[in-house]
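**Student:** Sequence plus predicted model, see below.
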Amino acid sequence: MISHAELLELKRWNTPSVYNGWEQITRHNSGRDGFNLEPVTDFMQQMGPMAGFAVTLVIEPGNRAHQEDKGPDIKQYWEYVASVPGPKIVVVQDLDKPVIYGSFWGEVNSNLHRALGCIGTITDGGIRDTSEMFNAGFKALARGLCVGHAWSTPVRWNCEVEVFGRKVHPGQLIHADKHGFLVIPDEDQDRLLEATRFMDSNECKTMISAARSSTGKSTDEIITEFERAITVFKKSAGSHYGGSGEW
């Protein structure tokens, strides 16, 4: 399992860079698996990337019966969140989708969950009080903004959820930023940081370097040098990872 120190370092890269490393080490279909398949908005881009482990929740704010019937004891949900080692990202499936009747997230819940060791949320519903959430240090990726909270009591938790076309299980490692989010299979956690480091360095030493040094050169020279850089990039990645990745 990846350590907290490694998570802090992993946050130094954006999510596409982490994806570039992940696709080299995974046996999953990196062209379809892992990341969100529907558009998602990062409402706290200025906070940069977040990396943490999923705690999962299902809500249905448009269904008043959940509150009138009292439903599950919310204290049990809070205890579940508190029991999971952090840092944690709360992944929330809204059963009202595609309608946004109300938000589970606002100033109160973001501060409470921050106190329980959570660093942010990914919800396919709405959020509100974005300035106050930012002030709490709680990052949010969501489908949209919302005025009210409706009946946004927890329906169930610690279960598989589906958000933005991606299924998420409790405890899975997630990396997220303004581009979207990536859910890392458990078996890929240990090698993820090294792969991200390597692929970022590999790009800088080959293709990016070739493109940046093109001043004053002819079109033919630029194309020739970039094609050579691509070959070196692929050879380096293939040699390092045994040709397991897309490159």
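**Tutor:** Arrived safely. Numbers count the residues shown, from 1 in each chain.
**Student:** Is Ala176 inside a helix or a strand, and which specific one?
**Tutor:** strand 173-177 (DSSP states H and E).
**Student:** Which elements pack onto that strand?
**Tutor:** Strand 173-177 sits against helix 15-25, strand 50-59, strand 88-94, strand 118-127, strand 180-184, with contacts defined as 3 or more C-beta pairs under 8 Å, 6 or more residues apart in numbering; DSSP states H and E. To be clear about C-beta, it is placed using only N, CA and C from the backbone, and glycine gets the same treatment.
**Student:** mind saving the C-alpha coords of the last one as CSV?
**Tutor:** Once non-C-alpha atoms are left out, strand 180-184 reads as follows in CSV (Å, rounded to 0.1, in the frame of the first residue of the first chain):
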residue,chain,number,x,y,z
GLY,A,180,-10.8,14.7,-13.8
PHE,A,181,-10.0,11.8,-11.6
LEU,A,182,-8.1,8.5,-11.8
VAL,A,183,-9.1,5.4,-9.7
ILE,A,184,-6.1,3.2,-9.2
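**Student:** just the CA coordinates of the strand holding Ala176, formatted as CSV?
**Tutor:** The C-alpha trace of strand 173-177 is given here as CSV (Å, rounded to 0.1, in the frame of the first residue of the first chain):
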residue,chain,number,x,y,z
LEU,A,173,-6.6,5.2,-4.3
ILE,A,174,-7.8,8.3,-6.2
HIS,A,175,-5.8,11.1,-7.8
ALA,A,176,-7.9,14.1,-9.0
ASP,A,177,-7.5,17.6,-10.4
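**Student:** before we move on, the earlier item: so which of the helices and strands packed on strand 173-177 gets nearest Gly238?
**Tutor:** Among those, the nearest to Gly238 by C-beta to C-beta is helix 15-25 (9.4 Å).
**Student:** Could you name the helices and strands sitting against the host helix or strand of Phe233?
**Tutor:** Element membership of Phe233, judged by DSSP H and E, is helix 219-241. Here helix 219-241 touches helix 15-25, helix 189-203, helix 209-212, going by 3+ C-beta pairs under 8 Å, 6+ apart.
**Student:** before we move on, back to that, between the helices and strands packed on strand 173-177, which gets nearest to Ala5?
**Tutor:** Among the helices and strands packed on strand 173-177, strand 50-59 sits nearest to Ala5 (C-beta to C-beta), with 11.7 Å.
**Student:** Show me which residues of the helix or strand of the chain at the bottom of the mean pLDDT ranking are buried.
**Tutor:** Every helix and strand in the chain was compared by mean pLDDT, DSSP states H and E; the lowest is helix 65-68, with a mean of 76. Within helix 65-68, the residues scored as buried using 16 or more other C-beta atoms under 10 Å are His66.
**Student:** helices or strands up against the next helix or strand after it?
**Tutor:** Downstream of helix 65-68, the first helix or strand assigned by DSSP H and E is helix 74-83. Judged by 3+ C-beta pairs under 8 Å, 6+ apart, helix 74-83 is in contact with strand 50-59, strand 154-157.
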